[in-house]
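K.L.:
Fold the stuff below for me.
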Amino acid sequence: MKKIILSFLKTIIPSNQRMQLVRKYQQEKYRISNAKLRRKIIAFYRNSRCILEEENEVLCFLEKNNLQVFPYDFVFKYDKSKIIVFFDEELDLKYVMHFSKKLYFKRSLTVNAIQSLYRGLLIDQDKNSPHKYLKKDFQVKPTDIVVDAGAAEGNFSLEIIEIVKFIYLFECDPEWVEPLQATFAPWKEKVKIINKKIGSKNTSKEISLDTFFEKQGFTFIKADIEGDEINLLTGATKILSRNIPLKLVLCTYHQHNDYENFREILVERGFHITSNPGYMIFFYDKSIKPPYLRKALVKAEKDAKK
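P.N.:
Below is the predicted model:
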């Protein structure tokens, strides 16, 4: 009966209207799911015997606002409608101005999609964000050779390109190669774009840090590779065990125990560990479970002089 009804609706409702109805249905389903999760998080922590000050800050936000990946007021500073997307006629690519530099995007993205994506990047790297890679006590230096694992559009590397010595941009999505080449054209002597993901294997689409940097080195790595950070660490066993100056900033919000697991691995190899204040609620993880709040990053530093 359901198939018959759907078939009948297809004959009387134009395709564009059907798509609008599907979108509205999905949005409502998404809203209901997030509202349910929001209530679960509040109940879990309010029923706990002891709540940390950082946790209470999140709860106060959730009790007044809808669920957010970053449950803090700074997210409301950014309005995607105010983001201007430009068009480069010569390259046939869209871009935004990021710290007075052109940041290009892949062809498949619409203006609206770019505005949404760029707003997310600004929120990620807000000075108060738990996901901010660099802060006063954790910075890059002019002598640094940087690995940007999961470069995507390259916003992180674009911010530091004029500071550091060299950057290796690893990005497995082939659609990002063209915009990355456009973005970093003014500094092409300082960058190398590798269309592979960093992991624990060595294949046509994946390479380990131990293999790629067998005869050369790096001093700083930023990794946001959609939950594959553990494979990056597995494929960098030799490098991480060396007594060399090295900094890492790894995303820890994709999987439930990433922060604890990465911290244990890095401490065993002589790294000093820190993290940013605050939490993320990564509700895109369909298996999210208590305690719900996750640290966004682990920052690790090893000084060979010690």
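
K.L.:
all contacts plus neighbour counts: C-alpha atoms, from now on.
P.N.:
OK.

K.L.:
Surely residue 253 touches residue 278?
P.N.:
No. Using Cα atoms under 8 Å, residue 253 is not in contact with residue 278, being 12.0 Å away.

K.L.:
Between these two, tell me which one has more neighbours.
P.N.:
Using other Cα atoms under 10 Å, the more surrounded residue of residue 253 and residue 278 is residue 253, with 24 against 21.

K.L.:
tell me the secondary structure for that one?
P.N.:
Look at residue 253: counting by DSSP: H, G, I helix; E, B strand; the rest coil, its state is coil.

K.L.:
Spatially nearest residue to it (excluding sequence neighbours)?
P.N.:
Nearest residue to residue 253 in three dimensions, chain neighbours excluded: residue 296, at 5.1 Å (Cα to Cα, 6 or more residues apart in numbering).

K.L.:
How many neighbouring residues does that neighbour have?
P.N.:
Close neighbours of residue 296, defined as other Cα under 10 Å, add up to 27.

K.L.:
Looks like it contacts residue 280 (just checking).
P.N.:
Yes. Counting by Cα under 8 Å, residue 296 does reach residue 280; the two are 6.0 Å apart.

K.L.:
Overlap in contacts, the two.
P.N.:
Common neighbours of residue 296 and residue 280, using Cα atoms under 8 Å, 6 or more residues apart in numbering, are 130, 253.

K.L.:
host element of residue 159?
P.N.:
Residue 159 belongs to helix 155-160 when elements are defined using DSSP states H and E.

K.L.:
could I have that helix exported to CSV, CA atoms only?
P.N.:
C-alpha atoms of helix 155-160 as CSV (Å, rounded to 0.1, in the frame of the first residue of the first chain):
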residue,chain,number,x,y,z
ASN,A,155,42.2,27.3,5.7
PHE,A,156,44.6,26.3,8.5
SER,A,157,47.6,26.2,6.2
LEU,A,158,46.6,29.5,4.5
GLU,A,159,46.7,31.2,7.9
ILE,A,160,50.3,30.0,8.6
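
K.L.:
Contacts for that helix next, please.
P.N.:
98-99, 101, 103, 121, 140, 148, 151, 167, 183-184.

K.L.:
Pull out the buried residues from stretch 32-47.
P.N.:
By 16 or more other Cα atoms under 10 Å, the buried positions in stretch 32-47 come out as 34, 37-38, 41-42, 45.

K.L.:
can I get these in JSON lines with distance to residue 133, secondary structure and pLDDT?
P.N.:
Putting the buried residues of stretch 32-47 into JSON lines (distance: Cα to Cα, whole Å; DSSP: H, G, I helix; E, B strand; the rest coil; pLDDT from 0 to 100) gives the following:
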{"residue": "34", "distance to residue 133": "27", "secondary structure": "helix", "pLDDT": "91"}
{"residue": "37", "distance to residue 133": "28", "secondary structure": "helix", "pLDDT": "96"}
{"residue": "38", "distance to residue 133": "27", "secondary structure": "helix", "pLDDT": "96"}
{"residue": "41", "distance to residue 133": "26", "secondary structure": "helix", "pLDDT": "96"}
{"residue": "42", "distance to residue 133": "28", "secondary structure": "helix", "pLDDT": "96"}
{"residue": "45", "distance to residue 133": "28", "secondary structure": "helix", "pLDDT": "94"}
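
K.L.:
and which of the residues you listed is nearest residue 111?
P.N.:
Distance to residue 111 across the buried residues of stretch 32-47 (Cα to Cα) is lowest for residue 34, with 26.4 Å.

K.L.:
does the residue nearest to the closest one when sequence neighbours are not counted sit in a helix, a strand or a coil?
P.N.:
Excluding its sequence neighbours, the residue lying closest to residue 34 (Cα to Cα, 6+ apart) is residue 67, at 6.3 Å. Secondary structure assignment for residue 67 (three-state DSSP): coil.

K.L.:
residue contacts, residue 67?
P.N.:
The contact partners of residue 67, by Cα under 8 Å, 6+ apart, come to 34-35, 38.
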